[in-house]
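Novice: here's a sequence, model it:
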Amino acid sequence: MSLQDFAGQTIIVTGAGSGIGRVTALRLAERGAHVIVADISDSAEDVVKEITDAGGQASAAVGDISDQQVVDDVVAQAVDTGGRLGLVNNAGIMDKFDGAAETEDAVWERCLRINLTAPFLLTRAVLPHMRKAGVGAIVNTGSAASLRGAAAGAAYTASKHGLAGLTRNTAYTYSRENIRCNLVAPGGVDTNIMTTSAAVNEGDIDPSHGLAAITPVHESALRTAEPEEIAAIIVFLLSDTASDVNGVLLPVDGGWVAG
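Specialist: Below is the predicted model:
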């Protein structure tokens with residue numbers, strides 16, 4: 001890919017204040033995109049400063065993207081910026097690694113709201129603009145829990161399985177209109193999701209356990225990826241280099257799902 005292969009595009013990246021989202025936003029801006037850095041935290045402003053200090057283009061959108069009004073505002077901001085529209089549904093939260101019998105309503109509802117409903121709301125909001133333009137690319141950040149039942153608790157697993165279904169349905173439904181939708185499924189990644197998720201902060205699990213809390217020893221021994229490794233795949237899937245890649249659920253997990 002050339003360094004300007006996203007020139008003339010405006011790409012929304014959620015959860016872009018840290019981790020995979022932050023690095024994705026930086027890489028897209030390096031390649032010419034105007035990035036809408038969306039995050040519930042003011043850290044979005046810090047990432048925008050990083051991008052603009054490096055000569056890139058970005059603007060912040062701070063708010064809870066599980067709220068319909070916030071979604072409408074973020075998409076309106078992107079449309080007003082102009083250019084071809086892209087979307088990375090990256091924001092997510094972890095559950096408490098509990099099974100269904102132990103999962104509280106509040107944890108279930110919040111995980112589904114952030115991890116599945118928010119991507120649906122954003123996808124629904126950007127699709128009319130992509131259809132009008134006759135082109136569009138969406139990448140969803142799933143998880144190994146999109147593909148297997150032993151990667152997290154019931155709430156997180158259900159939300160990420162649902163995101164896989166949303167991905168495939170969107171890809172199939174709009175493929176004839178030159179709109180693509182794919183999902184990356186990371187395994188363990190060195191991000192702050194374990195310490196920033198509300199469910200974890202309640203103290204019911206030790207965040208240092210991570211995936212090792214529920215996975216067999218030989219699986220938990222797999223290496224932990226860096227956010228840059230996942231961001232590189234997201235950028236590829238958004239690019240025209242991946243023009244015939246649609247509806248893919250792509251493990252980026254060091255071989256965890258393969259075991």
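
Novice: any idea of the mean pLDDT in the host helix or strand of Ala164?
Specialist: Secondary structure assignment for Ala164, by DSSP states H and E: helix 154-174. When pLDDT is averaged along helix 154-174, the result is 97.

Novice: what pairs with the helix or strand following it, parallel or antiparallel?
Specialist: Sequence order places strand 179-186 as the next helix or strand after helix 154-174, per DSSP H and E. Strand 179-186 pairs in its sheet with strand 136-141 (parallel), strand 249-252 (parallel), by DSSP bridges.

Novice: for these, which has the smallest mean pLDDT value?
Specialist: strand 249-252 (a mean of 94).

Novice: and for that strand, what's in contact with it?
Specialist: 142, 144, 146-147, 164, 167-168, 182-187, 225, 229-230, 233, 237, 257-258 (Cβ atoms under 8 Å, 6 or more residues apart in numbering). From N, CA and C alone the C-beta is placed, and that goes for glycine too.

Novice: same check, this time on stretch 35-43
Specialist: 10-18, 21-22, 25, 28-29, 44, 47-48, 51, 56-65, 74, 77-78, 81, 91.

Novice: show me the helices in this structure, by range?
Specialist: Here the chain has its helices, by DSSP state H, at 19-30, 43-53, 68-81, 105-112, 118-133, 154-174, 193-196, 198-201, 217-220, 227-238.

Novice: what inclination does the first one have with respect to helix 43-53?
Specialist: Computed with axes from the mean of the first three to the mean of the last three Cα atoms, to 10 degrees, the direction of helix 19-30 lies at 30 degrees from that of helix 43-53.

Novice: by contact count, what packs against helix 19-30?
Specialist: strand 9-14, strand 34-39, helix 43-53, strand 57-62, helix 227-238 (3 or more Cβ pairs under 8 Å, 6 or more residues apart in numbering; DSSP states H and E).

Novice: now do it: distance to the chain's middle.
Specialist: 11 Å (Cα atoms, centre = their mean, to the nearest Å).

Novice: just the mean pLDDT for that helix, thanks.
Specialist: Computed over helix 19-30, the average pLDDT equals 97.

Novice: tell me which residue is most central in this structure.
Specialist: Asn90 (1.5 Å; Cα atoms, centre = their mean).

Novice: need the buried ones from the contacts of stretch 35-43 selected in ChimeraX.
Specialist: Applying 16 or more other Cβ atoms under 10 Å to these, the buried members can be selected in ChimeraX as follows:
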select :10,11,12,13,14,15,16,17,18,21,22,25,28,29,44,47,48,51,56,57,58,59,60,61,62,63,65,74,77,78,81,91
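
Novice: cheers, nothing more for now.
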